[in-house]
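S.K.: Got a predicted model here, sequence first, then my questions.
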Amino acid sequence: MPSLTASLRIAIGKRAALTSVLLGALCIVAELCFLLPDLLVTKDALPLYKAHIALCRGILHASIFATFALGALGTMLAPMSRHGLFGIAFGIVAMLMGGSQAEAIDIGGLRSWAAGLDYFVLELLVLGLVFIPTEALFWLRRQKVLRQGWQTDLKHFFVSHAGVQLLSFAVLLPAQVLFSWAVQLDFQKAVAAQPLWLQFIEMVAIVDLATYWIHRAFHQVPWLWRFHAIHHSSQQMDWLAGSRIHLVDALLTRAVAFIPVFLLGFAPAALYGYLVFVSFHAVFIHANIRWRFPGLQWVLSTPQYHHWHHAADAEGIDKNFAQFLPLWDILFRTVHLPHYWPRRYGVDHVQPPESYLGQLVYPFRSRAELRDRSRIDIS
């Protein structure tokens with residue numbers, strides 16, 4: 001019993017220390033948003049933050065306090081772990097940057113785009129608070145919260161989510177240049193005048209049909225698979241695994257998805273509603289939860305449905321391409337949804353590297369280097 005108590009104490013200490021590190025890192029990023037709001041904060045959200053600045057400062061103050069408290073607890077219960085000290089150090093850095101009283105630095109007016117670091121902080125915080133305890137209570141497979149590859153996936157999360165506005169701007173720029181003649185046409189005004197709920201449904205259906213085909217191309221065109229294999233390389237599924245995606249994959253997929261949205265002219269409110277939905281749903285379908293949703297899984301993609309897309313089992317390979325609506329897989333005969341779950345995940349043969357930089361470089365390696373490293377014959 002004493003040894004069990006000691007091991008439990010150390011386990012709690014390690015978890016507190018790691019939580020302190022992650023929360024402290026988010027506090028530092030939040031401090032940057034306070035200091036450089038015109039450059040780093042989502043442009044459309046900036047007026048909302050300014051209107052509720054006292055609440056935002058209170059949340060930051062509580063987060064910094066929690067960083068110190070968890071770091072101290074981790075250091076006390078698990079003194080051999082250095083994560084608690086790193087968390088405390090991050091808290092000190094956040095305080096030196098101004099703490100909850102940090103004031104904005106004037107950089108000469110608003111920019112036409114912003115990096116969207118606030119989106120990253122809020123999304124990671126909210127999604128983590130929702131899915132980490134949910135997976136702990138309703139797990140499909142017993143696995144560690146900080147399982148193999150979580151640091152790599154967190155870096156992918158940061159790149160793909162923190163720069164959401166910058167990335168979207170880069171993706172839509174060609175469309176804005178090539179199709180500028182189509183802006184504010186009568187049919188676009190008619191689309192934007194529809195009820196928001198109808199625009200939302202239309203957007204989900206249109207985007208999902210477009211992404212179905214680009215997703216299928218990423219599986220069936222050998223040079224595209226090199227990039228998409230990164231997304232499939234995770235051998236353990238959880239809420240963070242879906243963030244593992246190569247930049248080229250993300251850019252091409254977003255281009256195919258958002259150009260139709262741009263051309264049709266949906267109202268901004270409908271677009272924001274869609275972005276909130278897709279941010280949550282993309283995390284949900286990768287989560288390590290055992291919920292089945294009988295009936296609903298044939299209408300809207302669920303964890304079991306999408307887990308089969310990530311399966312390394314032969315029966316699940318190149319199935320379930322739809323992100324939201326199984327309808328497309330049913331129509332194009334790529335659906336696979338037995339009553340049981342996949343046995344294993346990942347790609348066949350040799351896995352891509354686990355490091356973030358290694359995964360970025362992997363698709364650009366020579367054909368000789370990639371031969372026999374992918375489940376698709378590229379010879």
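M.R.: Here it is on my side, so go on.
S.K.: going forward, measure contacts between C-alpha atoms and count neighbours the same way
M.R.: Fine.
S.K.: Not counting its own residues, what contacts stretch 208-224?
M.R.: For stretch 208-224, the external contacting residues (C-alpha atoms under 8 Å, 6 or more residues apart in numbering) are 225, 227-228, 253, 256-257, 318, 321-325, 328, 363, 376-378.
S.K.: Next: stretch 187-202.
M.R.: Stretch 187-202 is contacted from outside by 263-267, 269-271, 273-274, using C-alpha under 8 Å, 6+ apart.
S.K.: rerun that using 7 Å as the cut-off
M.R.: For stretch 187-202, the surrounding residues in contact (C-alpha atoms under 7 Å, 6 or more residues apart in numbering) are 264-267, 270, 274.
S.K.: Buried only: go through the contacts of stretch 208-224 for me.
M.R.: Taking 16 or more other C-alpha atoms under 10 Å as the criterion, what is buried in these is 225, 227-228, 253, 256-257, 318, 321-325, 328, 363, 376, 378.
S.K.: Which of those residues fall within strands?
M.R.: Of the buried ones among the contacts of stretch 208-224, none are assigned to strands by DSSP state E.
S.K.: what ranges do the helices span in the stretch 151-300 of the chain?
M.R.: Ranges of helices in the stretch 151-300 of the chain, per DSSP state H, counting those that start in this stretch, are 164-178, 186-192, 196-220, 222-232, 247-264, 268-284.
S.K.: Tell me which other helices or strands the last one touches.
M.R.: Contacts defined by 3 or more C-alpha pairs under 7 Å, 6 or more residues apart in numbering; DSSP states H and E place helix 268-284 against helix 196-220.
S.K.: residue boundaries of the helices in the stretch 1-150 of the chain?
M.R.: According to DSSP H, counting those that start in this stretch, the helices that the stretch 1-150 of the chain contains are 2-35, 37-40, 46-51, 53-77, 83-96, 117-137, 150-157.
S.K.: domain ranges for the chain?
M.R.: Annotated domains of the chain cover 2-114, 164-370 [automatic domain parsing].
S.K.: Redo those domains as CSV? Include distance to residue 156 and mean pLDDT.
M.R.: Below are these laid out as CSV (distance: least, C-alpha to C-alpha, whole Å; pLDDT from 0 to 100):
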stretch, distance to residue 156, mean pLDDT
domain 2-114, 15, 86
domain 164-370, 5, 86
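S.K.: Would you convert these into JSON lines that also reports distance to residue 136?
M.R.: Shown next, in JSON lines, are those (distance: least, C-alpha to C-alpha, whole Å):
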{"stretch": "domain 2-114", "distance to residue 136": "13"}
{"stretch": "domain 164-370", "distance to residue 136": "9"}
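S.K.: Out of those, which gets nearest to residue 146?
M.R.: Checking the domains of the chain against residue 146 by C-alpha to C-alpha gives domain 2-114 as the closest, at 9.2 Å.
S.K.: how near is the residue positioned nearest the centre of the chain to residue 49?
M.R.: Centroid-nearest residue in the chain, with C-alpha atoms, centre = their mean: residue 243, separated by 4.0 Å. Here residue 243 is placed at a distance of 26 Å from residue 49 (C-alpha to C-alpha, to the nearest Å).
S.K.: Equivalent analysis for residue 331, please.
M.R.: Distance of residue 331 to residue 49, given as C-alpha to C-alpha: 45 Å.
S.K.: do residue 326 as well
M.R.: As judged by C-alpha to C-alpha, residue 326 and residue 49 stand 38 Å apart.
S.K.: So for these two, which sits in the more crowded spot?
M.R.: A count of neighbours by other C-alpha atoms under 10 Å puts residue 326 above the other of residue 326 and residue 49, at 23 against 17.
S.K.: Quick check: the more buried one touching residue 296?
M.R.: No - taking C-alpha atoms under 7 Å as the definition, residue 326 is not a contact partner of residue 296, at 10.1 Å.
S.K.: ok, for residue 10, nearest residue in space, not its chain neighbours?
M.R.: With C-alpha to C-alpha, 6 or more residues apart in numbering as the criterion, residue 10 has its nearest non-adjacent residue at 4.9 Å, and that residue is residue 78.
S.K.: Run through the residues that contact that neighbour.
M.R.: Residues counted as contacts of residue 78 (C-alpha under 7 Å, 6+ apart) are 10, 13-14.
S.K.: let's see 10 Å
M.R.: When contacts are counted by C-alpha atoms under 10 Å, 6 or more residues apart in numbering, residue 78 touches 6-7, 9-17, 72, 84.
S.K.: Now which of those residues would you call buried?
M.R.: Judged by 16+ other C-alpha under 10 Å, buried ones among the contacts of residue 78: 10, 13-17, 72, 84.
S.K.: Including distance to residue 209, could those go into JSON lines?
M.R.: Formatted as JSON lines, those follow (distance: C-alpha to C-alpha, whole Å):
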{"residue": "10", "distance to residue 209": "49"}
{"residue": "13", "distance to residue 209": "47"}
{"residue": "14", "distance to residue 209": "44"}
{"residue": "15", "distance to residue 209": "41"}
{"residue": "16", "distance to residue 209": "43"}
{"residue": "17", "distance to residue 209": "44"}
{"residue": "72", "distance to residue 209": "50"}
{"residue": "84", "distance to residue 209": "47"}
